[in-house]
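# Generate a structure from the sequence data that follows.
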Amino acid sequence: MKNGDDWRRSDRWRFQILDFASVDGSARGSRRRSALSRKLSIEAEEVKPSGGNLSFLVDYCQSFIELNFTSRYWYVLVLIVLALVVMLHPEWRPTSVVSSFASPRSKTLKLATWNIAAINNNPFEYWITSPDPQYNELMKKVSAFILSPGAADVPISSVFTDRMFTELAESMTSAGMVGVEETKEYWEQNFKGRKIISEFIKDASIGKKRLASMPDRVTNTITTADGKTVMRPTVINCYAQGQLDDLESWWKQWRAFMFSEAIVTKKKDGSTGSTKIYQMLSKISRSKYPSVTEAEEKISLPLQTLSLAIFDAILVQMMLAVSASPGSWQAMRATMCRDLNNHKTDRIIEILQTTYASSDMVFLQEVAGQFPRLVADSDLVRTHFDLFGSNLMDPDRDQNSFVLLRKSRYTNVREVTPDVNTILTTQTTKNGTSKVPVVKGDLLVLLVDDAVDGTSYIVASFHGDTNGLATRPVVEAVYTYALTQQPASKLLFGLDANTYTKPEADQYGVTDFAAFYTSKNLNSCYGPAPNPFNFTTFHARTHLQPQLNKAISFEEKDVKGDKNPKDFILFFREDYRVVSTTKDNTGDQRYVENMVFPTLRFPSDHGITSTVLEEKKPQLRANHRA
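Numbering: from 1, shown residues only. From the prediction side, this is the model:
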């Protein structure tokens, strides 16, 4: 016998082991033990494999043979315990044992990415899947009112009356707004006689000029510096400080909110002070919004205040017209606010710390700056994960990227976002392209070490712009950083790429995105050629929001809704292979196709994408990635 395999398989060796095990503790057994010991030495020398040495095994066997039965019993027990310790200890066990005894996490990674945005302040903004038939009935009536108002399309002055305008002008003058007199002329000559739906709500120029949407964004729902939340009296938020049963009660509350109520705000120098709501408005710049005329720019503060008042009055009038009673739509809104808005963070935490509690990493996008404070007392961060955000992010902004890392699994975490931003700027300048639409907080890049095996990771989370135009340059910047500055680290990149199945001229298509990342030797959780119809979003805006150019009727939501494959996890293709990938728009790792969401149980318009990646054998990554 010339090799170890033959030696281990030899009949002669197996026979000796069986004979050896049958020896008893008698005198006869003692003589046989001695004989076997001598024979074992001879046999071992004869079958010794090339390059091997059996002397250690012979010594142990000879010692074992000389023991009596009881001693052999304890000796075997100790050997078994020692063998288990050696096999299970990560630093002592041999490579062949690692694959058999290691936990799945030592060779696989469980990852998830989720854009948790969507429902912000307005519970009516998106069509939702609701078990309440009255919801669909109400929203159908709203769409019908907007699309075919008929006799309900009355002049603005019959809804927002001359008396209301006079009182508004008095409040704006007392507030020191410049251009109130010119705004009076605008009211008389432009707004007053317009029809509320066809000539105001549907007027695209009002949207382009941001006359209603700009002040709505600032005043809709405000988180004050002392931790309070205040809301404008309007249909399109969760206002609950009073009833909007008729236009008169609405107007009294609206005027007091804008001009009498003071809140605590933080100033640029970090100090706090008292601020009236109207003081939070800013001028609408013609350079940013070219549709605004020079005259309108000069009076943009009082003009947008008037436009917002008219907009809110029309919404109240419409809800009163389509509802069975003044209280019915408000009761429905209260239920939606409870499930979609007020408990949105609670539901997000619940999903993450139950369904995705076993994840190694979770990439989050469009996260509120206050999220770390809101989750501080939850098991999500106390038990399951460590939460990381960028030091560059705006804490007052609700579109920041974060990463959750499994507790005790990762160490030596440090942010390298500025380094990637430098590469992004350099590449943009070199290519002569326009500025990439990325703001602080959109991108987070970390270097992370595995506390168990020392593997180094580049961990990135990113939220792309609406049209996906920032996706390619940002991915390329992260790729360049990985290739040039961290060639030995493994890249894991979760992102909302905002890619489209059938892109318009100014949108980034998912097929082009796949061609790009594969050209960089990257792969995705959906493979090198993702199915363009494997959607991770399906949402549609209603007519109860200020961007009416984006509104879709109930009947058209299945056709014109935003159904696109937007969410991905990227990695270098020689580092991992995809074991499995799942989508989720329910919160329990199920995806219901052709269902619009958010729902009352799933608080985002992006599904969760989760994947299991298996590590490939180490290779010379610097050569294979280039």
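
# what's the spacing between residue 253 and residue 306?
17 Å (Cβ to Cβ, to the nearest Å). Backbone N, C-alpha and C define where each C-beta goes, glycine included.

# so how far is residue 319 from residue 195?
For residue 195 relative to residue 319 (Cβ to Cβ), the value is 18 Å.

# From residue 211, how far off is the nearest residue to residue 203 once chain neighbours are set aside?
Spatial nearest neighbour of residue 203, chain neighbours left out: residue 194 (7.8 Å); criterion: Cβ to Cβ, 6 or more residues apart in numbering. Using Cβ to Cβ, residue 194 is found at 13 Å from residue 211.

# Tell me which of these two has more neighbours.
Neighbour count, other Cβ atoms under 10 Å: between residue 194 and residue 211, residue 211 has more, with 27 against 18.

# The more buried one contacts residue 303, doesn't it?
Yes. At 6.5 Å, residue 211 counts as touching residue 303 under the criterion of Cβ atoms under 8 Å.

# Output the below-cut-off pLDDT ranges for the chain.
Across the chain, the ranges flagged by pLDDT under 70 are 1-76, 78-79, 81-106, 118-120, 396, 432-434, 618-626.

# now with 80?
1-106, 118-120, 267-270, 394-398, 431-435, 546-550, 554, 618-626 (pLDDT under 80).

# which one's the longest helix in it?
Longest helix of the chain, by residue count under DSSP state H: helix 300-322.

# can you map out the helices along the stretch 351-500 of the chain?
Assigned by DSSP state H, counting those that start in this stretch, the stretch 351-500 of the chain shows helices spanning 371-375, 379, 417-431, 471-485.

# Now do the contacts for the residue nearest to residue 508 when sequence neighbours are not counted.
Once flanking residues are discounted, residue 508 sits nearest to residue 468: 3.3 Å by Cβ to Cβ, 6+ apart. Counting by Cβ atoms under 8 Å, 6 or more residues apart in numbering, residue 468 touches 497-500, 503, 507-508, 513, 566.

# residues contacting the nearest residue to residue 588 once chain neighbours are set aside?
Of all residues not flanking residue 588 in the chain, residue 355 sits nearest, at 5.8 Å (Cβ to Cβ, 6+ apart). By Cβ under 8 Å, 6+ apart, residue 355 lies in contact with 584, 587-589.

# Just give me the closest of the residues you listed to residue 180.
Using Cβ to Cβ, residue 587 comes nearest to residue 180 of the contacts of residue 355, at 50.3 Å.

# And what about that closest one, helix, strand or coil?
For residue 587, the assignment made with DSSP: H, G, I helix; E, B strand; the rest coil gives coil.

# same deal with the one 3 residues further on?
The three-state label for residue 590, taken from three-state DSSP, comes out as coil.

# mind checking how far it is from residue 357?
17 Å.

# Who has more neighbours out of these two?
Neighbour tally, residue 590 and residue 357, criterion other Cβ under 10 Å: the higher count belongs to residue 357, 15 against 11.

# for the more buried one, phi and psi?
Phi and psi for residue 357, reported as degrees, to the nearest 10, are phi -70, psi -30.

# Distance of it relative to residue 442?
27 Å.

# Check the spacing between residue 550 and residue 388 real quick.
For residue 550, the distance to residue 388 - Cβ to Cβ - is 33 Å.

# More neighbours: those two, which one.
Taking neighbours as other Cβ under 10 Å, residue 550 and residue 388 compare with residue 388 leading, 22 against 15.

# Surely that one touches residue 446?
Yes. Using Cβ under 8 Å, residue 388 is in contact with residue 446, at 6.1 Å.

# what touches both of those two?
Common neighbours of residue 388 and residue 446 (Cβ under 8 Å, 6+ apart) are 403, 413, 415.
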